[in-house]
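*Asks:* My questions are about this predicted structure, shown below with the sequence.
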Protein chains: 2
Amino acid sequence: MLRVVLIGGGNIAHHLFKVLSTHNAVALIQCYNRTLTAIETFKAATSITDDLNEIADADLYILAVKDDAITEVSNNLPFSGRFVVHTSGNKTLDALNNKNRRGVFYPLQSLSKEKDIEFLNVPLCLEAENQKDLDTLTQIAESISNKVFQINSEQRKTIHLAAVFVNNFVNHLYKIGNDICLENNIPFEVLEPLIVETSAKIKEMSPLEAQTGPARRNDHATINSHLELLTNDNQKEIYRILTTSILNTYGREKL
Amino acid sequence: MLRVVLIGGGNIAHHLFKVLSTHNAVALIQCYNRTLTAIETFKAATSITDDLNEIADADLYILAVKDDAITEVSNNLPFSGRFVVHTSGNKTLDALNNKNRRGVFYPLQSLSKEKDIEFLNVPLCLEAENQKDLDTLTQIAESISNKVFQINSEQRKTIHLAAVFVNNFVNHLYKIGNDICLENNIPFEVLEPLIVETSAKIKEMSPLEAQTGPARRNDHATINSHLELLTNDNQKEIYRILTTSILNTYGREKL
């Protein structure tokens, strides 16, 4: 059985701990974190340490630490020639010290500590410097997820960028929708089914086909009435720029 | 039992026919459309007509017609003093001729003829000129949906505006994410679970709390690397403006 050591105490480390400690294909033999308090709860299922010199011998070391800490932590690992991966969407292989064999194990999902997740549906983007390590990583990944992709560093950076649009920016639009509702004493839950339906649609048609709304149907009367209704300059600017982008996409008249 | 006449042959009429003709609390006694072909299939469950003078006596008339046709059709109704509602998110009560008692029955969902929908989850936004009519409308609405809201014309306009942000604009961000993937030979399905999770989160926490990503954590290094990666000026401008808006929301340094 493949032996894994997990390094880190944040969101991703917590989710990986949960899934790796309950799957039989993998032996999570140890967790390391700078401070033990953050991983205190892991103790029930595996051994924990805050001393890098005590790190066990393993087939795979997963560095689930912040982007900024990857290089430093990988420099400080007191061994070489072993297989070490980071979990960042935004860092290349080179963020890891090359005294070890390097790879990436990037779970493409928005993970918060408070929210449990069905890990089987989390896309795992894998990369490694050699085929044997990639095989090891794939074996572990496929034991915990149904969506395993081989993605190089270049592509991963692009995926991360696309994810900012479809996740971070989308959530900010939800926040603006919420604000507009709040200001007018409308319960935000009125919009919930629409939000869920909009996201579900992408499984059945491309977003290009799925587009609806005033900009899509070139309905300048409604667009103008919306711009009049908006009192917040920031909301107005975002409305204007996204409307313009939709009008351009479908070859419509400019605002 | 409350007797309903349905007027119209488009998307909303088809969805309303399906749900009203199968619920026992309501008697869908007749459907009218200008042309019978569009509602031919309704004949198995109720009586149909293309002659306004044949319209039956009912407790409620639902005008499920296009925004532009509401006024004309309501003017042409050959009766007065009865209860007539339209189904538009964007029109006030005044779109209806005041010879009848007026109301609104607005299903807040993106409805396409091809796609069946669980009507129980469709928010119904109701309005009427008097309490008795509002009660009638509420009784019918609650027999087909679990999400019934009393929403006045002013609020309904605002909901429609908020819906543009959380539905139309969100879909356009999906389209940009799709474009970025396509340009880099990445299957868009990598992003699907993230998209679904992002939308599901709003049921458990407010979008203000749910926000993640480089702008949320004030990560200017990642923001700058993304701006470098983007070659399309339009995508760049949208990235910049939404990032700025998130930075401002959480009191971070400006771009």
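*Replies:* Thanks, I have the structure now. Numbering: from 1, shown residues only, chains lettered A, B, ... in the order given.

*Asks:* Determine the number of other residues adjacent to the residue nearest to A:K203 when sequence neighbours are not counted.
*Replies:* Nearest residue to A:K203, sequence neighbours excluded (CB to CB, 6 or more residues apart in numbering or on different chains): B:E192, at 6.6 Å. For every residue, glycine as well, the C-beta is placed using N, CA and C. B:E192 has 20 neighbours, counted by other CB atoms under 10 Å in any protein chain shown.

*Asks:* Is it correct that A:T198 is in contact with B:L173?
*Replies:* No. Between A:T198 and B:L173 there is no contact under CB atoms under 8 Å: 10.5 Å.

*Asks:* any idea which element the residue nearest to A:K203 lies in?
*Replies:* helix B:192-201 (DSSP states H and E).

*Asks:* So what's the gap between that helix and the chain middle?
*Replies:* The offset between the C-alpha centroid of helix B:192-201 and the centroid of the whole chain comes to 20 Å, using CA atoms, centre = their mean, to the nearest Å.

*Asks:* List the buried residues for the helix or strand just after that helix?
*Replies:* Next along the chain after helix B:192-201, taking DSSP H and E as the criterion, comes helix B:207-210. Across helix B:207-210, burial judged by 16 or more other CB atoms under 10 Å in any protein chain shown covers B:P207, B:A210.

*Asks:* Mind exporting the C-alpha coordinates of helix B:207-210 to CSV?
*Replies:* Included here for helix B:207-210 are C-alpha records, laid out as CSV according to Å, rounded to 0.1, in the frame of the first residue of the first chain:
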residue,chain,number,x,y,z
PRO,B,207,-21.7,35.3,-0.8
LEU,B,208,-19.8,37.9,1.3
GLU,B,209,-18.5,35.1,3.5
ALA,B,210,-18.1,32.6,0.6
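
*Asks:* Could you name the helices and strands sitting against that helix?
*Replies:* Here helix B:207-210 touches helix A:170-183, going by 3 or more CB pairs under 8 Å, 6 or more residues apart in numbering or on different chains; DSSP states H and E.

*Asks:* which stretches of chain A have low pLDDT?
*Replies:* A:112, A:114, A:253 (pLDDT under 70).

*Asks:* any idea how far the residue in it sticking out farthest from the centre lies from chain B?
*Replies:* The centre of chain A is farthest from one residue, A:A221, which by CA atoms, centre = their mean lies 39.0 Å away. To chain B, A:A221 is 10 Å away according to CB to the nearest CB, to the nearest Å.

*Asks:* Just the buried positions in stretch A:119-136, please.
*Replies:* For stretch A:119-136, by 16+ other CB under 10 Å, it's A:F119, A:V122, A:P123, A:L124, A:C125, A:L126, A:E127, A:A128, A:D133, A:T136.

*Asks:* Stretch A:134-149 too?
*Replies:* Buried, per 16+ other CB under 10 Å, within stretch A:134-149: A:T136, A:L137, A:T138, A:I140, A:A141, A:I144, A:S145, A:K147, A:V148, A:F149.

*Asks:* separation between A:N167 and A:F119?
*Replies:* According to CB to CB, to the nearest Å, A:N167 stands 18 Å off from A:F119.

*Asks:* Helix or strand for the residue nearest to A:P214 when sequence neighbours are not counted, just tell me which one.
*Replies:* With sequence-adjacent residues excluded and distances taken as CB to CB, 6+ apart, A:P214 is closest to A:T222, at 4.0 Å. Element membership for A:T222 (DSSP H and E) is helix A:220-229.

*Asks:* and stretch A:1-12, how far apart are its ends?
*Replies:* 23 Å (CA to CA, to the nearest Å).

*Asks:* same check, this time on stretch A:4-14
*Replies:* Start-to-end span of stretch A:4-14 (CA to CA) is 14 Å.

*Asks:* Stretch A:209-224 too?
*Replies:* Stretch A:209-224: ends 24 Å apart by CA to CA.

*Asks:* Number of residues surrounding the residue lying closest to A:R82 once chain neighbours are set aside?
*Replies:* Take A:R82 and drop its neighbours on the chain: the residue closest to it by CB to CB, 6+ apart is A:N100, 5.2 Å away. When neighbours are defined as other CB under 10 Å, A:N100 has 18 of them.
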